[in-house]
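Chemist: okay, predicted coordinates and the sequence, questions at the end:
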Amino acid sequence: MNHDNFILCMSDQESDDDRPQLSSDTMNALLEFYKEQDEREQKLQEIQGGCVPDNFDENWNLSQFWYADDTANLLAKECLRVAGDEGAIACISSPTLYKTLHSVEKKCKVHLFEYDTRFAVYKDDFTFYDYKSPLDIPRDFRETFDVIVADPPYLSDECLTKTAVTVKFVAKPNAKIIICTGAVMENLAHRLCGVKKSNFVIRHANQLSNPFVCFANYDIDATCKYS
């Protein structure tokens, strides 16, 4: 039975004064909820079938907050500049950046390490990644990437520490490292990855209360800035 038929059946049943009735506002809200649920299920089926959608909805249960377009574009441009045509870029828990890099013409390699399996639609560019098991990735990725951008999903010492293990594993000896996280993680980020706080602020499509910045092991402010 689909959602509409279910609601119609509820309305058709014999009512009496003791039976609670749904107000029109509640009924409309319920219908809207089922409509959105059906749309999400349809999009997931399309993704599983190999159709790459224009947009992925944020999953707040996974602590997903997409970058604003200007932030994603500037970071992508910076990564491509640093990597060059022969380089390789790793996006660790940063699907917004990967999606932007994927959409532009380039010669360098880009790979996404991500927990959200919806992004497996990108096939060879995708590796399932759980920060809780930081080295549970193919050994072939050891010292492979020239540029690494990591965006740990949670503002916790454990999450940043374990993400840093992955960063160090996949980074070439002279790799450029960019960590996008809350400003409160500054000291730990510096100790773990040798990165320093930059002036480049991470803007999100949905405003967050915690200030997010870029930490880098090189002078990213010289070339990556808002106009």
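Modeler: It's in. Please read all numbers here as calculations on a predicted model, not as lab measurements.
Chemist: between the two ends of stretch 149-165, what distance do you get?
Modeler: 13 Å (CA to CA, to the nearest Å).
Chemist: now tell me what touches that stretch from outside.
Modeler: Residues outside stretch 149-165 that contact it (CB atoms under 8 Å, 6 or more residues apart in numbering) are 62-64, 75, 79, 89-94, 97, 115, 131-132, 134-135, 166-167, 177-182, 184-185, 188-189, 192-193, 210. Where C-beta positions appear, they are placed from N, C-alpha and C, glycine not excepted.
Chemist: repeat the analysis, applying 7 Å as the threshold.
Modeler: 62-63, 75, 79, 91-94, 97, 131-132, 134-135, 167, 178-182, 184-185, 188-189, 192-193, 210 (CB atoms under 7 Å, 6 or more residues apart in numbering).
Chemist: buried ones only from these, please, as a ChimeraX command.
Modeler: Buried subset of the contacts of stretch 149-165, written as a ChimeraX selection, criterion 16 or more other CB atoms under 10 Å:
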select :75,79,91,92,93,94,97,131,134,167,178,179,180,181,182,185,188,189,192,193
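Chemist: just the ones of the contacts of stretch 149-165 in strands?
Modeler: Cys91, Ile92, Ile178, Ile179, Cys180, Thr181, Gly182 (DSSP state E).
Chemist: contacting residues for Lys225?
Modeler: Lys225 sits next to Phe200 when contact means CB under 7 Å, 6+ apart.
Chemist: name the element it belongs to?
Modeler: Assigned by DSSP states H and E, Lys225 belongs to no helix or strand.
Chemist: quick one: it and Met185, what's the gap?
Modeler: Per CB to CB, to the nearest Å, Lys225 is found 22 Å from Met185.
Chemist: again, but for Pro153
Modeler: According to CB to CB, Pro153 and Met185 sit 12 Å apart.
Chemist: cool, Glu78 as well?
Modeler: From Glu78 across to Met185, the span is 20 Å (CB to CB).
Chemist: Asn174 too?
Modeler: Look at Asn174 and Met185: by CB to CB, they are 24 Å apart.
Chemist: also Asp140?
Modeler: 30 Å.
Chemist: list the contacts for the residue nearest the centre of the chain?
Modeler: In the chain, the centroid-proximal residue (CA atoms, centre = their mean) is Pro95; its distance is 3.7 Å. The contact partners of Pro95, by CB under 7 Å, 6+ apart, come to Leu112, Glu114, Asp116, Phe119.
Chemist: identify the farthest-apart pair in the residues you listed.
Modeler: Distance extremes for the contacts of Pro95: the farthest pair is Leu112 and Asp116 at 9.7 Å, using CB to CB.
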